[in-house]
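Engineer: output the structure for:
(one chain, ligands or ions: 1)
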Amino acid sequence: SADQILEKRKKFLGPSLFYYYQKPLNIVEGKMQYLYDENGRRYLDAFAGIVTVSCGHCHPEVLNAITEQNKLLQHATTIYLHHAIADFAEALASKMPGNLKVVYFVNSGSEANELAMLMARLYSGNLGMISLRNAYHGGSSSTIGLTALNTWKYPIPEGEIHHVINPDPFRGVFGSDATRYAKDVQDHIEYGTSGKVAGFIAETIQGVGGAVELAPGYLKQVYDIVHKAGGVCIADEVQTGFGRTGSHYWGFETQGVIPDIVTMAKGIGNGLPLGAVVTTPEIANVMAQKIQFNTFGGNPVCSAGGLAVLRVIDKEKRQAHCADVGSHLIGRLRSLQDKHDIIGDVRGRGLMVGVELVTDRKEKTPAKAKTAILFENMRELGVLLGKGGLHGNVFRIKPPMCFTKDDADYLVDALDYAMSKL
Ligand code: PMP
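Structural biologist: Alright, predicted model coming up:
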């Protein structure tokens, strides 16, 4: 039962582990956009295991691909040949623009960003890395420095990581003025890194930070500045990739740029532990003769699953579906904003949506306590949301990509009801 699991977790799993909801949910089954608890109660899953279950829980085609591969061979490592990793790399490279053609497989988003940072430093010969305030790039010992959320209380690696002003159109000090935010990157390079830099990394829509879209035109300006200072530009597509934004397959395309390195994880495996780094042959070359080995990265089961994910997204036209359902959802949430003052901002693209709650629209005071109450009440109404933002006052709606307009209506109606009862 939930109580027994909780007791064991407290006893045997470290105190840093946290859970959603005052009375934590014991989830025993998942089917597409639905989750079921131990009592058989069904929930609409609007958070997809933290933006990970892209095709849907236990999607039949992905499940079949994994199961069949599991029966034949689970693991042997890249010291032998296996077709799955090669086929998957080819399929993934075919989804990339420009000269992004070389793929490295790892097991998580943190690992992908670790590797990207290593590549940037080796390629540029510089050490300084730049990331945005409010960013999340991982919890490993070096990516934790790139992660710039005030909730992290760890000492970060000193000296060589610079956090620049976040180009957040809602809360940012310069509104939507990309040029003024880009100037902060220029200043950090001039005064903080002696004019040289290894790399710049950003999510194209910040995920954990609360579905924050970057000011339009920001990445184009910053990429130019970083390239002039000898650095490489990394796009963290861990949450924004694979068509979720609706308008494009990759989030960086919404800003009209092509990065030098792209990192991905989460949705790439529909729940399997899988991540990838894709870069150009030129950057990949500096990795030749260096130690770069990953025991599990791209193992046959994950590769077969990842290949099925790519196939399903194309076959079921999920990118167009995200655009369609996402604009319906955002439209309905904006109408709700006219009715409920607590909704300060509705933002996002496709099925990557944020609803920021405030107690005062003018001051934008975060409605942290009310967000927590609404969050619990939404669960009672059968809808599981994500929560985020610097102030814990943003609902994150990032469901499996099979989420329908009816699901969106159900979610918005539930939110309307919960807000009316506040
Ligand atoms: N980048 C982004 C944008 C993320 O959201 C996350 C995880 N929340 C990571 C990297 C790290 O991924 P992982 O937890 O798989 O290491």
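Engineer: which residues touch the residue lying closest to Tyr20 once chain neighbours are set aside?
Structural biologist: Spatial nearest neighbour of Tyr20, excluding adjacent residues (CB to CB, 6 or more residues apart in numbering): Lys387 at 7.5 Å. C-betas here are computed from N, CA, C, even on glycine. Neighbour list for Lys387: 20, 371, 375, 394-396 [criterion: CB atoms under 8 Å, 6 or more residues apart in numbering].
Engineer: from those, which ones fall inside helices?
Structural biologist: Judged by DSSP state H, helices contain the following of the contacts of Lys387: 371, 375.
Engineer: neighbours of Leu72, just the number please.
Structural biologist: Number of residues near Leu72 (other CB atoms under 10 Å) recorded here: 10.
Engineer: once you drop chain neighbours, what's closest to it?
Structural biologist: That would be Pro300: by CB to CB, 6+ apart, it lies 7.6 Å from Leu72.
Engineer: let me see the backbone angles for that neighbour.
Structural biologist: Dihedral angles of Pro300 (phi, psi; degrees, to the nearest 10) stand at phi -50, psi -40.
Engineer: from Asn64, how far off is it?
Structural biologist: Note on Pro300: its distance to Asn64, by CB to CB, to the nearest Å, is 15 Å.
Engineer: cool, Val358 as well?
Structural biologist: Here the distance between Val358 and Asn64 works out to 46 Å (CB to CB).
Engineer: ok, these two, which is more surrounded?
Structural biologist: Shown here are Val358 and Asn64; by other CB under 10 Å, Val358 has more neighbours (22 against 12).
Engineer: am I right that the more buried one is in a strand?
Structural biologist: Yes: per DSSP: H, G, I helix; E, B strand; the rest coil, Val358 lies within a strand segment.
Engineer: for it, give me its contacts.
Structural biologist: Contacts for Val358 (CB under 8 Å, 6+ apart) come out as 342-345, 364-367, 393.
Engineer: give me the number of residues near the residue of the stretch 201-350 of the chain found nearest the ligand?
Structural biologist: Across the stretch 201-350 of the chain, no residue is closer to the ligand than Val238, which sits at 3.6 Å (CB to the nearest ligand atom). When neighbours are counted by other CB under 10 Å, Val238 registers 28.
Engineer: cool, and His75?
Structural biologist: By other CB under 10 Å, 11 other residues sit near His75.
Engineer: just the one 3 residues further on next, same as before
Structural biologist: For Thr78, the tally of surrounding residues (other CB under 10 Å) stands at 14.
Engineer: now do the contacts for it.
Structural biologist: Counting by CB under 8 Å, 6+ apart, Thr78 makes contact with 85, 293-294, 297-298.
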